[in-house]
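Q: requesting a structural model of the entry that follows:
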Amino acid sequence: MNYPFVKSEKEWEEELGLERYRILRQKGTEYPHTGKYNLHYENGVYCCGGCGTPLFESNSKFDAHCGWPSFDESIPGKVEYIADTTHGMKRTEIVCANCGGHLGHVFDDGPTKTGQRYCVNSLSVDFKEK
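A: Numbering: from 1, shown residues only. Alright, predicted model coming up:
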């Protein structure tokens with residue numbers, strides 16, 4: 001897919017480091033309950049760890065008790081949705097609409113009025129305090 005923000009895979013790997021590259025560019029997943037933003041509830045915005053695009057407002061974050069940061073909505077137009085049938089499951093992958101960086105998956109089992117649970121890897125985002 002074509003995204004506005006483009007780098008070579010070598011540039012991504014050098015800039016992100018091995019583990020962040022594995023998640024953002026190779027669609028990896030961090031272990032549950034290990035990410036620094038899992039239980040983080042400061043006021044601000046969560047941005048793409050690859051290109052810095054704002055993705056999620058802190059007021060959309062909630063504790064889903066799943067081990068990964070969870071949000072009930074994204075900032076409109078900032079996340080792209082891709083059908084994912086890997087591992088014998090039907091899921092919806094979420095990626096940054098600006099650079100294509102893998103964020104995680106979205107599920108229709110959220111407890112808030114949106115009914116959504118964006119399950120995001122901490123290593124795929126950075127936090128900017130307001």
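
Q: which parts of stretch 92-109 are buried?
A: 93-107 (16 or more other C-beta atoms under 10 Å). In short, each C-beta sits where N, CA and C put it, glycine included.

Q: which of the residues you listed sits closest to Cys48?
A: Cys96 (4.2 Å; C-beta to C-beta).

Q: so what sits opposite the closest one in the bridge?
A: Note on Cys96: beta-bridge partners by DSSP bridges are Val79.

Q: residue contacts, it?
A: Residues near Cys96 by C-beta atoms under 8 Å, 6 or more residues apart in numbering: Tyr3, Cys48, Gly50, Cys51, Thr53, Leu55, Lys78, Val79, Glu80, Leu103.

Q: and the host helix or strand of Cys119, what does it pack onto?
A: Per DSSP states H and E, Cys119 falls inside strand 117-120. If contacts are counted by 3 or more C-beta pairs under 8 Å, 6 or more residues apart in numbering; DSSP states H and E, strand 117-120 sits against strand 70-71, strand 102-107.

Q: now those strands as a markdown table including mean pLDDT?
A: Below are the helices and strands packed on strand 117-120 laid out as a markdown table (pLDDT from 0 to 100):
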| stretch | mean pLDDT |
| --- | --- |
| strand 70-71 | 98 |
| strand 102-107 | 98 |
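
Q: nearest to Phe62, out of those?
A: The nearest among the helices and strands packed on strand 117-120, by C-beta to C-beta, is strand 70-71 at 5.7 Å.

Q: and the helices in the protein?
A: Here the chain has its helices, by DSSP state H, at 9-16, 18-24.

Q: please identify the most buried of those helices.
A: Across these, averaging neighbours per residue (mean count of other C-beta atoms under 10 Å) puts helix 18-24 on top, at a mean of 18.
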